[in-house]
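Q: Output the structure for:
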Amino acid sequence: MIGVDTNILVRYLVQDDPRQGAIAARFVEKDLSSERPGHVSLVVLAETVWVLQARYGIDKTDLIPIIATLAADARFVVQDADALWLALESCEETDADLADALIRQVDSLHGCSHTVTFDKRAARLPGMVLLQ
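A: Prediction:
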């Protein structure tokens, strides 16, 4: 397995830089496979989501299928993929962002009864509790 950094995923997904986009595409399409996948950590995933939203203005409704396609691609192994799939479902059902949903799902999978937050929007997610 090969670790994949945020900038590689972003260049591959948006192809905004001709040189780096081509290098990233060549890497993903020729060097990665189901036998030799790229590992996408949750930190990289969260950074990628942030960059796609903040830098490229991709909204949540367009972002969810992008991340789902990436997670389903056999060339990638996503850390705590079960948590990601549950988080994507939560995002589709609520106005929460993916990072908050992912935080809650990872906590749940690791045995947390609930997750406390000061974020009122995140507290709308099942299992998130507004700390007052």
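Q: Could you export stretch 43-59 as PDB, keeping only the C-alpha atoms?
A: In PDB, the C-alpha atoms belonging to stretch 43-59 read as follows (Å, rounded to 0.1, in the frame of the first residue of the first chain):
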ATOM      1  CA  VAL A  43      -6.800  13.500   7.800                       C
ATOM      2  CA  VAL A  44      -6.100  13.500   4.100                       C
ATOM      3  CA  LEU A  45      -9.800  13.000   3.400                       C
ATOM      4  CA  ALA A  46     -10.800  15.800   5.700                       C
ATOM      5  CA  GLU A  47      -8.200  18.100   4.100                       C
ATOM      6  CA  THR A  48      -9.400  17.100   0.600                       C
ATOM      7  CA  VAL A  49     -13.000  17.900   1.500                       C
ATOM      8  CA  TRP A  50     -11.900  21.300   3.000                       C
ATOM      9  CA  VAL A  51      -9.900  22.200  -0.100                       C
ATOM     10  CA  LEU A  52     -12.600  21.200  -2.500                       C
ATOM     11  CA  GLN A  53     -15.200  23.300  -0.600                       C
ATOM     12  CA  ALA A  54     -13.000  26.300   0.400                       C
ATOM     13  CA  ARG A  55     -10.800  26.600  -2.700                       C
ATOM     14  CA  TYR A  56     -13.000  25.300  -5.500                       C
ATOM     15  CA  GLY A  57     -16.500  26.100  -4.100                       C
ATOM     16  CA  ILE A  58     -17.800  22.600  -4.400                       C
ATOM     17  CA  ASP A  59     -21.000  22.300  -2.300                       C
END
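Q: State the number of residues packed around the closest residue in space to V40 that isn't next to it in sequence.
A: Excluding its sequence neighbours, the residue lying closest to V40 (C-beta to C-beta, 6 or more residues apart in numbering) is V78, at 4.8 Å. C-betas here are computed from N, CA, C, even on glycine. For V78, the neighbour count with other C-beta atoms under 10 Å is 22.
Q: Now V78: phi and psi?
A: Note on V78: its backbone torsions stand at phi -100, psi 130 [degrees, to the nearest 10].
Q: ok now do it, which residues does it touch?
A: Listed by C-beta atoms under 8 Å, 6 or more residues apart in numbering, the contact set of V78 reads 40, 42, 45, 70-71, 84.
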